[in-house]
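Student: 3D model of this:
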Amino acid sequence: MISITKIFGFEAAHAISNHPGKCRNVHGHSYALHVTISSDQLNEQEMIMDFHDLKVMVKEHVVGRLDHALILSRKGELAEEFANHTGKLTWLDREPTAECMLSLIVEWISPVLPESITLERLQLWETTTSYAQWDRDQAH
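Tutor: Below is the predicted model:
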């Protein structure tokens, strides 16, 4: 099995409404998303997938939805306050923690990958020293 990883950056704001500290306030991050895919076979160009094709797919299905967006929970205390927000807003059914955002990203990426390719790992970095990770092997 061979894997490749592509790194994406995006800017977004969120608030964790049930957080006891300052993360309950709207604040932003310069996120870095590491996407690792694998396959036991290479295509006709001797690649798992062209990095450009992976870039296009992730930008369309993930980065395009989250970049420069405000990410909030539908059930959170800010839901009513931002209900009529006219800017870019992504609603989640859970709190927009890095862990919950990873679950959503898995749902967005997995169905659009070619059948021979497996999503192996995602890392979502909120800061240069803090990230959450999803691994296919540990997801079951």
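
Student: C-alpha from now on. contacts and neighbour counts both.
Tutor: OK.

Student: for the longest helix seen in the chain, enumerate the helices and strands it packs against.
Tutor: Longest helix in the chain, counting residues (DSSP state H): helix 98-109. Under the contact criterion of 3 or more C-alpha pairs under 8 Å, 6 or more residues apart in numbering; DSSP states H and E, helix 98-109 touches strand 118-127, strand 130-135.

Student: how near is C100 to D93?
Tutor: Noted for C100: a distance of 9 Å to D93, by C-alpha to C-alpha, to the nearest Å.

Student: ok, L92 - contacts?
Tutor: By C-alpha atoms under 8 Å, 6 or more residues apart in numbering, the contact list for L92 reads I71, L72, S73, R74.

Student: is it in a bridge, and if so with what?
Tutor: Counting by DSSP bridges, L92 forms beta bridges with S73.

Student: middle-most residue in the chain, spatially?
Tutor: Nearest to the geometric centre of the chain sits I105, at 4.1 Å (C-alpha atoms, centre = their mean).

Student: burial of the closest residue to that one other than its chain neighbours, as a residue count?
Tutor: Leaving aside its chain neighbours, I105 sits nearest to V62 (6.5 Å; criterion: C-alpha to C-alpha, 6 or more residues apart in numbering). By the criterion of other C-alpha atoms under 10 Å, V62 has 19 neighbours.

Student: per-residue confidence at V62?
Tutor: V62 is assigned a pLDDT of 98 by the prediction.

Student: appreciated, that's everything.
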